[in-house]
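> Please work out how this folds:
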Amino acid sequence: DPVLLAPRLVPMKERGLWRDETIDLYVRRAVERCPDKTAIAAYAPGDAPPVRLTYRALDERVDRIARSLAALGVGRGDVVAFQLPNRWEFIALALACVRIGAVANPVMPIFRQHELTFMLTFGEAKVFVVPKSFRRFDHEAMARAMMPDLPHLRHLVVVDGEGEDSFHFVLSRDEFLDIFLDDLELPDLAKKTITKSDNVLPARAGYSVSGSPSNLNLVRTMRNSLSRRIALNRPRPEDIRLLRDEIAELEASENDPVRLDFLRRELERQLRRTRVIPFIDPVDVRFNRFEMVPKPATQAVMFCLMDVSGSMTEHMKDLAKRFFMLLYLFIARRYRDVDIVFIRHTHHAQEVDEETFFHSTESGGTVVSTALDEMNRVVASRYPTDDWNIYAAQASDVDNIVSDNPRLLRLLENDILPLCQYFAYLEVGEETDIGHPRETNLWLTYEKVADPGRRFAMRRVRNRGDIFPVFRNLFARDQATVGGSTA
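Model (predicted):
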């Protein structure tokens with residue numbers, strides 16, 4: 001939205017008062033000319049030493065803040081509101097907004113929840129930056145309490161005023177998972193990353209000057225109206241009311257006819273301007289604009305296979321469950337639809353619900369191939385390989401029946417691995433086994449298919465602290481397409 005209107009822009013450019021340059025450009029020039037010159041001297045309350053920043057140091061901090069805002073999804077035209085006292089963070093944040101094209105919206109530290117809720121809603125603030133506390137007031141607690149009432153707000157950033165970099169981001173659960181899993185990736189996604197591309201859904205695409213009444217953006221329209229009325233100096237209703245009140249007093253007293261005549265003419269002029277400058281003009285109106293964009297119908301299924309014979313203790317099942325749920329969270333971040341199938345086995349296998357899978361025990365020997373047979377059956381009946389990305393994770397603690405190993409190996413090589421995007425085998429054990437892993441015949445059998453380049457990997461875990469390091473090792477970006485075994 002224009003701030004400097006066209007009728008004023010041309011003469012100001014002719015007089016050299018407007019150069020089409022941002023303040024960020026002036027900062028960069030200062031960095032080039034005098035990088036070690038003091039740019040900011042920020043004095044803290046009490047006995048704390050002042051923070052002095054050179055132009056080079058200021059530029060570096062502005063750049064870091066700008067990258068952090070961009071990482072939060074702040075882009076050109078997005079509003080960043082900040083309620084900061086007179087400290088270096090205020091200047092650096094304002095410059096960072098200019099650097100990425102965002103709109104800086106500073107609000108005074110004296111404002112509280114009532115005023116701020118209106119301001120941030122009216123301004124459609126996407127990010128709100130507050131000090132942790134200022135003058136014995138807890139701004140962070142206030143901001144957290146406001147968040148449910150701010151429909152446009154996506155991120156709260158807290159400045160604690162301590163340390164070299166004092167910005168602390170308050171992350172939502174989804175944001176935490178994005179960062180937590182950021183440098184991991186699923187292996188071999190080329191096969192069925194997109195199964196359908198004919199679905200289209202409306203997506204926000206800015207604003208339009210025309211559209212359906214149902215798409216009217218009231219906040220943007222009123223903001224445009226307010227900007228135009230301020231720029232054109234439209235009389236406010238309270239100003240006209242005050243004029244009328246003063247005229248009524250003078251008419252009743254008949255003390256100052258000259259003043260009365262002046263006020264009548266001023267009232268007429270103000271009313272004329274009110275008629276000429278409408279409260280809402282057609283140029284103010286904005287509609288939400290939508291574009292129909294293709295939405296790939298990506299989908300995945302994760303098979304959890306676990307030996308549930310009597311030798312699997314509660315500790316071992318807990319390790320397996322933690323690994324399975326971490327894998328489920330990871331896959332769910334990459335696909336819109338994720339199914340999970342639980343298959344347990346002893347000498348026979350069956351698909352069960354989650355409660356039975358993790359909490360019910362059975363007696364019997366261990367025939368691992370029965371679990372792969374059951375997985376094959378479920379895939380054939382419900383999950384066509386052309387439409388589904390298939391992942392499998394298996395947890396076991398014991399040897400397989402020796403006579404079953406050749407068949408198990410054939411099933412893996414000929415049936416299971418060709419249809420899987422990834423297969424992970426987790427050997428779980430007791431904490432007392434750390435440092436003395438026993439080579440089970442199942443481990444030795446699986447090692448034959450765990451060559452580099454296959455979509456198969458195997459790891460051992462003995463305690464809860466092993467789970468995430470093993471998980472990261474399996475799905476690290478530079479390891480995502482490489483199989484192998486690790487003790």
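> What segments of the stretch 101-250 of the chain are strands?
All strands of the stretch 101-250 of the chain, identified by DSSP state E, counting those that start in this stretch, fall at 103-106, 125-131, 155-159, 167-170, 200-208.
> In a markdown table: these, plus mean neighbour count.
Every residue, glycine included, has its C-beta placed from N, CA and C. Formatted as a markdown table, the strands of the stretch 101-250 of the chain follow (neighbours: other CB atoms under 10 Å):
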| stretch | mean neighbour count |
| --- | --- |
| strand 103-106 | 17 |
| strand 125-131 | 25 |
| strand 155-159 | 21 |
| strand 167-170 | 16 |
| strand 200-208 | 12 |
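> I'd like to know which of these is closest to Thr22.
Thr22 lies closest to strand 103-106 among these, at 11.6 Å (CB to CB).
> list the helices and strands the closest one packs on?
strand 79-82, helix 88-100 (3 or more CB pairs under 8 Å, 6 or more residues apart in numbering; DSSP states H and E).
> again, 6 Å this time
When contacts are defined as 3 or more CB pairs under 6 Å, 6 or more residues apart in numbering; DSSP states H and E, strand 103-106 packs onto strand 79-82.
> The strand it packs on pairs with which strands?
strand 103-106 (parallel), strand 125-131 (parallel) (DSSP bridges).
> what pLDDT, on average, does that strand get?
What strand 79-82 shows for mean pLDDT is 94.
> Could you pull out the helices in the stretch 51-200 of the chain for me?
55-71, 88-100, 113-122, 139-146, 173-180 (DSSP state H, counting those that start in this stretch).
> most neighbours per residue, which of the ones you listed?
For the helices of the stretch 51-200 of the chain, the largest average neighbour count (mean count of other CB atoms under 10 Å) is found in helix 88-100, namely a mean of 22.
> where's that helix relative to the chain centroid, distance-wise?
21 Å (CA atoms, centre = their mean, to the nearest Å).
> what inclination does that helix have with respect to strand 155-159?
140 degrees (axes from the mean of the first three to the mean of the last three CA atoms, to 10 degrees).
> Would you mind giving the strands paired with strand 79-82 as JSON lines with mean pLDDT and distance to Leu243 added?
Converted to JSON lines, those look like this (pLDDT from 0 to 100; distance: least, CB to CB, whole Å):
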{"stretch": "strand 103-106", "mean pLDDT": "92", "distance to Leu243": "33"}
{"stretch": "strand 125-131", "mean pLDDT": "92", "distance to Leu243": "36"}
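> how long is stretch 212-226 end to end?
By CA to CA, to the nearest Å, the extent of stretch 212-226 from end to end equals 22 Å.
> could you give me the average pLDDT of it?
For stretch 212-226, mean pLDDT rounds to 84.
> can I get the helices of the stretch 51-200 of the chain in CSV with mean pLDDT?
Putting the helices of the stretch 51-200 of the chain into CSV (pLDDT from 0 to 100) gives the following:
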stretch, mean pLDDT
helix 55-71, 86
helix 88-100, 91
helix 113-122, 88
helix 139-146, 89
helix 173-180, 60
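> Quick check: which of those helices is nearest to Ala231?
With CB to CB, the closest approach to Ala231 among the helices of the stretch 51-200 of the chain belongs to helix 113-122: 17.3 Å.
> if we can go back for a sec, let me know which of the helices of the stretch 51-200 of the chain is the nearest to Val209.
So among these, helix 113-122 is nearest, using CB to CB, at 20.6 Å.
> just checking, what packs against the closest one?
So helix 113-122, by 3+ CB pairs under 6 Å, 6+ apart, packs with helix 139-146.
> re earlier: TSV please, covering the helices of the stretch 51-200 of the chain and showing distance to Ala39.
As requested, the helices of the stretch 51-200 of the chain are arranged in TSV below (distance: least, CB to CB, whole Å):
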stretch	distance to Ala39
helix 55-71	4
helix 88-100	9
helix 113-122	29
helix 139-146	26
helix 173-180	31
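> Can you tell me which of these is nearest to Ile390?
It's helix 173-180; of the helices of the stretch 51-200 of the chain, that one is closest to Ile390 (CB to CB) at 22.7 Å.
> pLDDT of stretch 384-392, averaged?
So the average pLDDT for stretch 384-392 ends up being 85.
> Would you mind writing the CA trace of the helix or strand hosting Ser381 as PDB?
Assigned by DSSP states H and E, Ser381 falls within helix 369-382. Provided in PDB are the C-alpha atoms of helix 369-382 (Å, rounded to 0.1, in the frame of the first residue of the first chain):
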ATOM      1  CA  SER A 369       9.300 -65.400   7.900                       C
ATOM      2  CA  THR A 370       5.700 -65.600   9.100                       C
ATOM      3  CA  ALA A 371       5.800 -61.800   9.800                       C
ATOM      4  CA  LEU A 372       7.000 -61.100   6.300                       C
ATOM      5  CA  ASP A 373       4.400 -63.400   4.900                       C
ATOM      6  CA  GLU A 374       1.700 -61.500   6.800                       C
ATOM      7  CA  MET A 375       3.100 -58.200   5.600                       C
ATOM      8  CA  ASN A 376       3.000 -59.400   2.000                       C
ATOM      9  CA  ARG A 377      -0.600 -60.500   2.500                       C
ATOM     10  CA  VAL A 378      -1.700 -57.100   3.900                       C
ATOM     11  CA  VAL A 379       0.200 -55.200   1.100                       C
ATOM     12  CA  ALA A 380      -1.500 -57.300  -1.600                       C
ATOM     13  CA  SER A 381      -5.000 -56.800  -0.100                       C
ATOM     14  CA  ARG A 382      -4.900 -53.100   0.900                       C
END
